[in-house]
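Engineer: The following comprises the amino acid sequence and a computationally predicted model.
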Amino acid sequence: MHSLAELVLARVRRQELLRAGDRVGIAVSGGIDSVALLWLLLELRPELGIVLSVVHFNHKLRGAESDSDQEFVAGLALEHGLEFYCQSGDVAGLAAEEHSGVEAAARELRYGFFRRLLGAGGDDDDEVPSELLTGPSTSGAEAQNLVPPYRSAGSAAPPQSTTPQGLKPSSLAEPIGPAEAVPFQSQDQERSLNKIATGHTLDDQAETVLMRLIRGTGLRGLGGIHPRIVVENEDGEGQGEIVRPLLGIRRTELEQYLADLKQPWREDSTNAESKFTRNRVRGLVLPLLEREFNPAVVESFAELAEIARDEEDYWENEISGWLGTVVQWSQPQWTRGLPGFEGPQSLVQIHPSNPELLNRLQQPGSAVMNASVSRPWLLTEPIAVQRRVLKAIGEQAGIPLEFKHIEEILHFAAADGPPGKELSLPLGWKIVREPEAMVFITPDLRRQERVPDYEYSLPVPGRAMVPELGVVIEAVRLTPESLLAEYNPQQLLRAELLPRHLIVRNWRPGDRFWPAHTKAPKKIKELLQERHVAQPGRRLWPVAANRDEIVWMRDFSVPAGLRPKAGEEAVLIREIPWEAQERATVT
């Protein structure tokens, strides 16, 4: 057995990624990682006692090159006598339809294909519009011009083990270690596969952790790529798994492994395009860190991800207990008497005779229950517990609470003052401070058929209150003397280029912004998608405009052409939580 196969086997057994009898589809794109995964699992197949097949999704993004990749992978399946599952999709069409990035659309179609294979291998296309899928899933003889099940008499593939010596079978509903959950559309037919193996490597893990650090993240984000994803059905039961056996292996090791086997692979031309953030991190940032700071930086990032996953797994268990004990959920006053709200409440008991309200309630962030947490309990817990509880309430209710919101809520909870004082939160929510409780109050959704646009005048210098975000946006004029090492120059605007008033508003479709150090203006929608800003917070993301020109955007550097030169006055635009503004006004 090759030494690299021994390493992979040890990892698979330690994390129980594969078990005897598993029907494993190997996701093969044709690149180094996935081709090496195919060969490694072929070598380990007798030891593990698993049944293998090849899975390929053609994204149709590179024309003839994509089709050649598919033919190459089909040839590998034929060579080793493996069943071949293939589907293609209109990634560009889905990206345009959902107003998302190409990478996000590609992942959605690809993982939708994986979920269907784990469900039944049939034609359940509920995940995406059927017209975006250009061919049905194919397997065996159904593949026609692709690859039927075939075993060459001259070069038989490694035999299937009839007496497995690997991991013992156990319930898929009880995975070992932390895992991500992926929604799954239920299937009625018997499943063809119960595992999909992908070729994510140690390098992929380090790139993911570093990108999330750069963009800003918490422990959950630092967990990076999980060794397994549990695919669940509608009842929340484990239906199958997506596993990553190569997360502990460097890409260079896989390249050497294929060279030893004299096995070619396909190179994706888009991997050299610098417009993709991951490509720049892979080609520029990580090599610099390895060369100048830490030769083992990739391994360090991967270790950090593993620690973060274990920490997050512990906290998730703790949070479940808190949400069921110290947090109480109650029916909002405005729901009383509405059809569907007569009995015990849930997020789904909405009568279809009110379609506008039903549509609003199905949008992200549309909870219909107030939440109350014990104020004395909250204030006596460690700060880490306080933050976790508030974040969990926000996620349960659908309130996009960022770090600054949570810190302001904690300050609000600890402050003295009369009961009944309110703090505004995003999306129309508010929190009321009572002597014994902090109460999250849902907005009256009968009067909120959609998230409204907002627009306010911002004096320069001056402030604009934005209740939709629960913040005050402030423009501060700075003299050259105050600029020295006190402020981030990436956030400063040249004062003489700004009018006496700016407009603070949420971005609108078609808006473009040109952050410093980028080649050209870009649609704000795309900038937010690249930062993985989720709905509904994305819809309310604030900008400041001078007529039709966006001069400032939350969490992005200002345009290079608007930055001040040495010795010039500047303007800093920043956000202040609303309650902080109220205190400043009182004092």
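Structural biologist: Now that the structure is in, tell me what you want to look at.

Engineer: E569 against L478, yeah?
Structural biologist: Yes. Between E569 and L478 a contact is recorded at 6.6 Å, counting by Cβ atoms under 8 Å. Backbone N, C-alpha and C define where each C-beta goes, glycine included.

Engineer: which helices and strands sit right next to the longest helix seen in the chain?
Structural biologist: Identified as the longest helix of the chain according to DSSP state H is helix 297-325. Contacts defined by 3 or more Cβ pairs under 8 Å, 6 or more residues apart in numbering; DSSP states H and E place helix 297-325 against helix 202-215, helix 219-222, helix 286-292, helix 383-397.

Engineer: how big is the angle separating it from helix 383-397?
Structural biologist: 70 degrees (axes from the mean of the first three to the mean of the last three Cα atoms, to 10 degrees).

Engineer: on that earlier part again, in terms of packing, which of E569 and L478 has more residues around it?
Structural biologist: L478 (19 against 15; other Cβ atoms under 10 Å).

Engineer: The longest helix of the chain to helix 202-215, inter-axis angle?
Structural biologist: Using the same axes, to 10 degrees: helix 297-325 against helix 202-215 is 60 degrees.

Engineer: Give the buried residues for helix 297-325.
Structural biologist: Using 16 or more other Cβ atoms under 10 Å as the test for burial, helix 297-325 gives 297-298, 301-302, 304-306, 308-309, 312, 315, 319, 322-323.

Engineer: Quick check: of the residues you listed, which lies closest to V230?
Structural biologist: Taking Cβ to Cβ as the measure, R309 is the one of those closest to V230, at 13.6 Å.

Engineer: list the contacts for the spatially closest residue to that closest one that is not a sequence neighbour?
Structural biologist: Closest residue in space to R309, ignoring its immediate chain neighbours: G223 at 4.0 Å, by Cβ to Cβ, 6 or more residues apart in numbering. Taking Cβ atoms under 8 Å, 6 or more residues apart in numbering as the contact definition, G223 lies against P178, A305, A308, R309, E312.

Engineer: which one among those gets closest to H517?
Structural biologist: A305 (27.1 Å).

Engineer: nearest residue to the closest one other than its sequence neighbours?
Structural biologist: Residue nearest to A305 in three dimensions, not counting chain neighbours: G224, with 3.7 Å by Cβ to Cβ, 6+ apart.

Engineer: Count the neighbours of that neighbour for me.
Structural biologist: Residues near G224, counting by other Cβ under 10 Å, number 24.

Engineer: just E422 next, same as before
Structural biologist: The number of residues near E422, taken as other Cβ under 10 Å, comes to 14.

Engineer: Repeat that for the one 5 residues further on.
Structural biologist: One way to gauge burial is a neighbour count; for L427, by other Cβ under 10 Å, it gives 23.

Engineer: Surely it and P443 touch.
Structural biologist: Yes. Counting by Cβ under 8 Å, L427 touches P443, with 7.0 Å between them.

Engineer: Low-confidence stretches in the stretch 51-200 of the chain?
Structural biologist: Low-confidence segments of the stretch 51-200 of the chain, defined by pLDDT under 70: 95-101, 120-191.

Engineer: Repeat the analysis, applying 90 as the threshold.
Structural biologist: The stretch 51-200 of the chain contains residues with pLDDT under 90 at 58-67, 69, 87-193.

Engineer: Could you do the stretch 301-450 of the chain as well?
Structural biologist: In the stretch 301-450 of the chain, residues with pLDDT under 90: 313-371, 392-405, 408, 415-430, 435, 441-450.

Engineer: how about stretch 18-32: buried residues?
Structural biologist: 18-20, 22-32.

Engineer: Just give me the closest of the residues you listed to D268.
Structural biologist: G31 (5.9 Å).

Engineer: Tell me which residues touch that closest one, please.
Structural biologist: G31 is in contact with G199, W265, R266, E267, D268, counting by Cβ under 8 Å, 6+ apart.

Engineer: same thing with Q490?
Structural biologist: Each residue near Q490 by Cβ under 8 Å, 6+ apart is listed here: A516, S557, V558, R563.

Engineer: Look up how far V466 lies from it.
Structural biologist: Using Cβ to Cβ, to the nearest Å, Q490 is found at 22 Å from V466.

Engineer: Then A92?
Structural biologist: For A92, the distance to V466 - Cβ to Cβ - is 36 Å.

Engineer: Equivalent analysis for P559, please.
Structural biologist: Taken as Cβ to Cβ, the span from P559 to V466 is 22 Å.

Engineer: In terms of neighbours, single out the busier of those two.
Structural biologist: Legend: neighbour count by other Cβ under 10 Å for P559 and V466, higher for V466 (23 against 19).

Engineer: Show me what that one is bridged to.
Structural biologist: V471 (DSSP bridges).

Engineer: How about N370?
Structural biologist: Bridge pairing for N370 - DSSP bridges - gives S330.

Engineer: That one: how many residues sit nearby?
Structural biologist: So N370, with other Cβ under 10 Å, has 19 neighbours.

Engineer: That one is in contact with I393, isn't it?
Structural biologist: No. If you go by Cβ under 8 Å, N370 and I393 don't touch, sitting 10.4 Å apart.

Engineer: residues shared between the contacts of those two?
Structural biologist: F440.

Engineer: Let me know the closest of the buried residues of helix 297-325 to M1.
Structural biologist: Closest approach between the buried residues of helix 297-325 and M1, by Cβ to Cβ: A302, at 24.1 Å.

Engineer: Would you mind confirming that that closest one is in contact with L202?
Structural biologist: Yes. A302 lies in contact with L202 (Cβ under 8 Å); the separation is 5.3 Å.

Engineer: residues shared between the contacts of those two?
Structural biologist: Joint contacts of A302 and L202 (Cβ under 8 Å, 6+ apart) are L247, G248.

Engineer: For burial, what's the neighbour tally of the closest residue to E407 other than its chain neighbours?
Structural biologist: Spatially, and ignoring its direct neighbours in sequence, E407 is nearest to P577 (7.6 Å; Cβ to Cβ, 6+ apart). As a burial measure, P577 scores 22 neighbours (other Cβ under 10 Å).

Engineer: The helix or strand harbouring L42 versus helix 202-215: what angle between them?
Structural biologist: Secondary structure assignment for L42, by DSSP states H and E: helix 32-48. The directions of helix 32-48 and helix 202-215 differ by 130 degrees, with the same axes, to 10 degrees as the criterion.

Engineer: Mind checking the pLDDT average for helix 32-48?
Structural biologist: The average pLDDT within helix 32-48 is 95.

Engineer: one step back: surely the residue nearest to E407 is in contact with G470?
Structural biologist: Yes. Assessed by Cβ under 8 Å, P577 is found in contact with G470 at 6.8 Å.

Engineer: anything in contact with each of those two?
Structural biologist: Common neighbours of P577 and G470 (Cβ under 8 Å, 6+ apart) are H405, E408.
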